[in-house]
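>>> Just need the structure, nothing else, for what follows:
(one chain, ligands or ions: 1)
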Amino acid sequence: VDRPNSPAFRDVAVNFHPYTNARKHEDKGAMVIREGKGIHVYDDTGKEYIEGLAGLWSVAVGFGEPRLVEAARAQMEKLPFYHSFAHKSHEPSIELSERLLAMAPGKMSKVFYTSSGSEANDTAIKLVWYYNNARGRPEKKKIISRIKGYHGITIASGSLTGLPYNHKDFDLPIKNILHTACPHHWRFGWEGESEEEFASRLAGELEQLILTEGPETVAAFIGEPVMGAGGVIVPPRTYWQKIQTVCRKYDVLVIADEVINGFGRTGQLWGSTTYGIEPDMVICSKQLTSSYMPLAALLFSDEIYQAIADNTAKIGTFGHGFTASGHPVATAVALENLKIIEERDLVGNAARMGEHLQAGLRRFADHPLVGEVRGVGMIGCIELVADKTSKQAFDPAGAVGTYCYERCQEHGLIIRNLGDQMAFCPPLIIDETGLNQLLERFGQALDETAQWVGSKHQAAE
Ligand code: PMP
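Now for the predicted structure:
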């Protein structure tokens, strides 16, 4: 940060960033992204990067899509804002809901909009509570999520999140939120245990937890079909069906957090369909607008809606909502974005190109630093370990990943380091040439990381 007038320097003076070491940031400055086009973004020096994480698992249609710009402009001009409180609505939100309900996994009846995935998950918690109040079961309010699951970062959605962010020092998770095991067979499976056996064991653990707590107190189970921020964790094939069977047995709602999976990421429209989930509620965001506008949607079943609607006199109206719920510009952009995904068959592209991505990632499986290669469709992960055989992690976890991630950036590739789990999630429009470049750049970074680890090791001896 040696140019006092550069954006990077000015950023350090004024911005406080999420998930960023403040003192390191003062030393290094920000990477200032100025423009985006297709699968690429460009920093303030003009350097080009492949956005290998689609800008936080988001930008399905790529950067600089003129149709989304035009959709936003036209809606800005016509009706830049209106709210949805007290019987008010507007056309883009109605049209988008019709489209979402027509394409949803399972039978969904109604849509509730928020601006972020975190708010949508907070809303889901309240809706579950309203539902059970309406059914005269106010004590049925515990919600089970999973270790390593990510559902947001507000006090309530952050409590669902099964990663250690801020939990221990701040009395989180809040009351009535419990966590069960993470379905990562390679990391948590027992010696000699098959994926199928592992999935059965986890379903058994869930059942035991419900019985210990008392089924009359357990309201819902929430999970990402494929976990994202926890390290791209792909469950065993039959895991979700087994979990769902347990939930149905004890009248526990199933909530699919499709914030990362939704709209083609797994090579199918929904993670739920990929893994045989028939959810009672679905949360989607990110690829919904390709994150050109902040928007999330909570879809839920008719049974939940009717119970709440029928009991308004008893429980009151749904006392919840945000100024920007269903924002007209955001919903107009989402509509256009979903049209593009359909017209260009980006879900099909994710399936076809996804195979190429997965095959390319698997070629790194024999690399000395690589513990596991995993993924499905257009989302994948390479987990770096200190010892391939024992799966022992590097100490401290994350430092080697950070080095690798920085080498990737040097070579013009942005991915994500989740504690030595290197995550890939490129825009759904990526083609074979783009993927080959991505894989080549990652390969160079990985080799340089291995050299660095080797030289540190030698120095220690
Ligand atoms: N759920 C999942 C699965 C997510 O990946 C995220 C964000 N990464 C969220 C919820 C929270 O969304 P937001 O950051 O918009 O609050």
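
>>> ok, the residue of the stretch 201-350 of the chain found nearest the ligand - contacts?
Going by Cβ to the nearest ligand atom, the ligand is nearest to V259 of the stretch 201-350 of the chain, at 3.5 Å. For every residue, glycine as well, the C-beta is placed using N, CA and C. Applying Cβ atoms under 8 Å, 6 or more residues apart in numbering to V259 gives the contacts 57, 117, 120, 224, 228, 283-286, 296.

>>> Any idea how far the helix or strand hosting V329 is from the middle of the chain?
Assignment of secondary structure by DSSP states H and E places V329 within helix 328-343. Averaging C-alpha positions (Cα atoms, centre = their mean, to the nearest Å) puts helix 328-343 19 Å from its chain's average.

>>> does any bit of it sit next to the ligand?
No: with Cβ under 6 Å from any ligand atom as the criterion, the ligand is not reached by helix 328-343; the gap is at least 12.3 Å.

>>> Whatever helix or strand comes next after that helix: which residues count as buried?
Stepping forward along the backbone from helix 328-343, the first helix or strand reached (DSSP H and E) is helix 346-362. Of the residues in helix 346-362, 346-347, 349-351, 353-354, 356-358, 360-361 count as buried by neighbour count, 16 or more other Cβ atoms under 10 Å.

>>> Of all residues in the stretch 101-250 of the chain, which one is closest to the ligand?
For the stretch 101-250 of the chain, the residue closest to the ligand is G117, as judged by Cβ to the nearest ligand atom, at 2.3 Å.

>>> any idea of the pLDDT on that residue?
Per-residue confidence at G117 stands at 98 (pLDDT).

>>> same thing with G398?
At G398 the predicted local confidence, pLDDT, stands at 88.

>>> for E461, same thing?
Looking at E461, the pLDDT reads 69.

>>> Likewise for R363?
For R363, pLDDT reads 98.

>>> cool, I222 as well?
The model's pLDDT for I222 equals 99.

>>> That one and D122 touch, don't they?
No: with contact defined as Cβ atoms under 8 Å, I222 and D122 do not form a contacting pair (11.8 Å).

>>> residues contacting G189?
Listed by Cβ under 8 Å, 6+ apart, the contact set of G189 reads 195, 198.

>>> From R237, how far out is it?
Distance of G189 to R237, given as Cβ to Cβ, to the nearest Å: 14 Å.

>>> circling back to that earlier point, from the buried residues of helix 346-362, which are also near the ligand?
Of the buried residues of helix 346-362, not one also sits near the ligand (Cβ under 6 Å from any ligand atom).

>>> hang on, the earlier thing: give me the neighbour count for the residue of the stretch 101-250 of the chain closest to the ligand.
Other residues lying near G117 total 28 when counted by other Cβ atoms under 10 Å.

>>> these two touch, right, it and Q287?
No: using Cβ under 8 Å, G117 is not in contact with Q287; the gap is 11.3 Å.

>>> Give me the phi and psi angles of the residue nearest the centre of the chain.
Against the mean C-alpha coordinate of the chain, by Cα atoms, centre = their mean, the closest residue is I260 at 3.4 Å. Its backbone dihedrals place I260 at phi -100, psi -40, with angles given as degrees, to the nearest 10.

>>> and if you look at A423?
According to degrees, to the nearest 10, A423 has phi -100, psi 140.

>>> Does it touch V232 like I think?
Yes: using Cβ under 8 Å, A423 and V232 qualify as a contacting pair, with a distance of 5.3 Å.
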